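# Pasting a predicted model and its sequence here:
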Amino acid sequence: MIYTCTLNPAVDYVIRVENFQAGGLNRSDNADLYAGGKGINVSRLLKRLGSNTCAIGFAGGFTGEFIKSELDREGVFHRFTSVNGTTRINVKLKSGTETEINGPAPVISEEDANRLVQVTAELTERDWLHIGGSVPSSLPADYAGTLIETARKKRARVVVDTSGAALKALLPYRPFFIKPNHHELSELFHTEVNTKEEAAGIAKKLVDGGTENVIVSMGGEGAVFVNRDSVYFASPPKGTVKNTVGAGDSMVAAFMAKIDSGLAPHEAFHWAVAAGSATAFSDDLCTKEEVEDVYSRVKVVKVEQEDTQ
Ligand SMILES: Nc1ncnc2c1ncn2[C@@H]1O[C@H](COP(=O)(O)OP(=O)(O)OP(=O)(O)O)[C@@H](O)[C@H]1O
Ligand SMILES: O=P(O)(O)OC[C@@]1(O)O[C@H](CO)[C@@H](O)[C@@H]1O
């Protein structure tokens, strides 16, 4: 079972406005609500790809109920820890460009935090623990690390998809897989990452530091894959981009799904890029059929290690 842990889920309110005017009254006749947050997106896609998954994390208030009912509707197992506050709403404003306003997390009590640790203590060596997204500031600084250690004691495989200080703090736990985008990588290493060669050079440092598999996503430019044995570059096909929210999560889901079903890492990478692009080309997360359709149009090349910095 692939458990996804979203410590700070969200209802994603995707609203489209023509000619948005900051500071003025704007009206929209096109908006959608989605169960969101990185782990939740990953679980939704895993279900579509046919993998066994369960979404865990904190949920509260009417927004928490909405997320659970949406997951029920899609047949995605979940086991959220209920909290007193209200799960946030994240606004995704589409008006030519995409503007995101991610809301604040509810306060998580110590008791609720401990209850979630107990859920991760039930994992087994056949399970994965994916930890995705931001961490509510009311949680102890080492909270995600505690979840990882708890799952590790049961020999579960750990995947980390977070950014900034939270990602930096979790790297010493030597995750099986991480997928920063090139902006997150730039922030992590205090350097500009603009090319695939530069991304591969830095990803190698992460692999040297103990992370087993690194994908660096680079939006419409594609992605880079690095592990101990090899480096691959991928270029996605051209298409009409409708929504990039969840494109990165789709990559993570497809990579885990394909590794879990026994594929080699570079093959799983190929599927990951296809899933990322398929989501970018659709309004919501992509379907299995859309991923299959994009797959044959993704170009993946093996790169000689000397060609990277
Ligand atoms: N314009 C695009 N055209 C084709 N594919 C795209 C485009 N934008 C994103 N993708 C696909 O989605 C993948 C992930 O994109 P990106 O690097 O933006 O992830 P991300 O920043 O983690 O996204 P998010 O956090 O919004 O889920 C890319 O590697 C690519 O495969
Ligand atoms: O604020 P965080 O936790 O970093 O990111 C949350 C979020 O932006 O990430 C997902 C897309 O990856 C969205 O569903 C969600 O709104």
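Structure received. Ligands and ions are numbered 1, 2, ... in the order given.
# Wait, Ile67 touches Val11, no?
Yes. Counting by Cβ atoms under 8 Å, Val11 is a contact partner of Ile67 at 6.6 Å. For every residue, glycine as well, the C-beta is placed using N, CA and C.
# can you list residues touching both of those two?
Counting by Cβ atoms under 8 Å, 6 or more residues apart in numbering, the contacts common to Ile67 and Val11 are 35-36, 87.
# Give me the more crowded residue out of Ile67 and Val11.
Using other Cβ atoms under 10 Å, the more surrounded residue of Ile67 and Val11 is Ile67, with 27 against 23.
# isn't there a strand covering the more buried one?
No. Ile67: not assigned to a strand; according to DSSP: H, G, I helix; E, B strand; the rest coil it is helix.
# residues contacting the residue of the chain found nearest ligand 1?
Scanning the chain for the residue nearest ligand 1 gives Gly248, at 2.1 Å (criterion: Cβ to the nearest ligand atom). Listed by Cβ under 8 Å, 6+ apart, the contact set of Gly248 reads 38, 161, 179, 181, 217, 276.
# ok, back up a step: check the shared contacts of Ile67 and Val11 one by one and keep those near ligand 2.
Gly36 (Cβ under 6 Å from any ligand atom).
# Narrow the shared contacts of Ile67 and Val11 to just the buried residues.
35-36, 87 (16 or more other Cβ atoms under 10 Å).
# and of the residues you listed, the nearest to ligand 2?
Gly36 (3.0 Å).
# which residues does the closest one contact?
9-12, 67, 90, 245-246.
# Tell me the residues on the stretch 151-300 of the chain that lie near ligand 2, please.
245-246, 248-249.
# again, only using 5 Å
Within the stretch 151-300 of the chain, the positions lying close to ligand 2 (Cβ under 5 Å from any ligand atom) are 246, 249.
# and what of the stretch 1-150 of the chain?
Residues of the stretch 1-150 of the chain lying near ligand 2 (Cβ under 5 Å from any ligand atom): 8, 10, 12, 36, 38, 90, 102, 133-134.
# try 8 Å this time
With Cβ under 8 Å from any ligand atom as the criterion, the stretch 1-150 of the chain meets ligand 2 at residues 6, 8, 10, 12, 34, 36-38, 40-41, 90, 92, 100, 102, 132-134.
# ok so, going back, adding pLDDT and secondary structure, write the buried ones among the shared contacts of Ile67 and Val11 out as TSV.
Listed next are these as TSV, based on pLDDT from 0 to 100; DSSP: H, G, I helix; E, B strand; the rest coil:
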residue	pLDDT	secondary structure
Ala35	97	strand
Gly36	97	strand
Thr87	98	coil
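# Tell me the spacing between the residue most central in space within the chain and Thr211.
With distances taken as Cα atoms, centre = their mean, the residue of the chain nearest its centroid is Asp249 (3.3 Å). Distance, Asp249 to Thr211, using Cβ to Cβ, to the nearest Å: 18 Å.
# What are the contacting residues of stretch 112-127?
1-3, 5, 56-58, 79, 81-84, 129, 139-140, 143, 146-147, 150-151, 153-157.
# Surely His266 touches Phe225?
Yes. Counting by Cβ under 8 Å, His266 does reach Phe225; the two are 6.4 Å apart.
# near ligand 1, which residues of the stretch 151-300 of the chain?
So far as Cβ under 8 Å from any ligand atom goes, the stretch 151-300 of the chain lies against ligand 1 at 179-184, 215, 217-223, 234, 236-239, 241, 244-251, 272-277, 279-281, 298.
# For the stretch 151-300 of the chain, just list every one of the strands.
Listed in chain order, the strands of the stretch 151-300 of the chain (DSSP state E, counting those that start in this stretch) span 157-161, 177-178, 213-217, 223-227, 231-235, 299-303.
# For those, could you give me JSON lines that also reports mean pLDDT and mean neighbour count?
Output for these, formatted as JSON lines (pLDDT from 0 to 100; neighbours: other Cβ atoms under 10 Å):
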{"stretch": "strand 157-161", "mean pLDDT": "96", "mean neighbour count": "24"}
{"stretch": "strand 177-178", "mean pLDDT": "97", "mean neighbour count": "24"}
{"stretch": "strand 213-217", "mean pLDDT": "98", "mean neighbour count": "25"}
{"stretch": "strand 223-227", "mean pLDDT": "98", "mean neighbour count": "26"}
{"stretch": "strand 231-235", "mean pLDDT": "98", "mean neighbour count": "23"}
{"stretch": "strand 299-303", "mean pLDDT": "97", "mean neighbour count": "13"}
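# Understood, closing this out.
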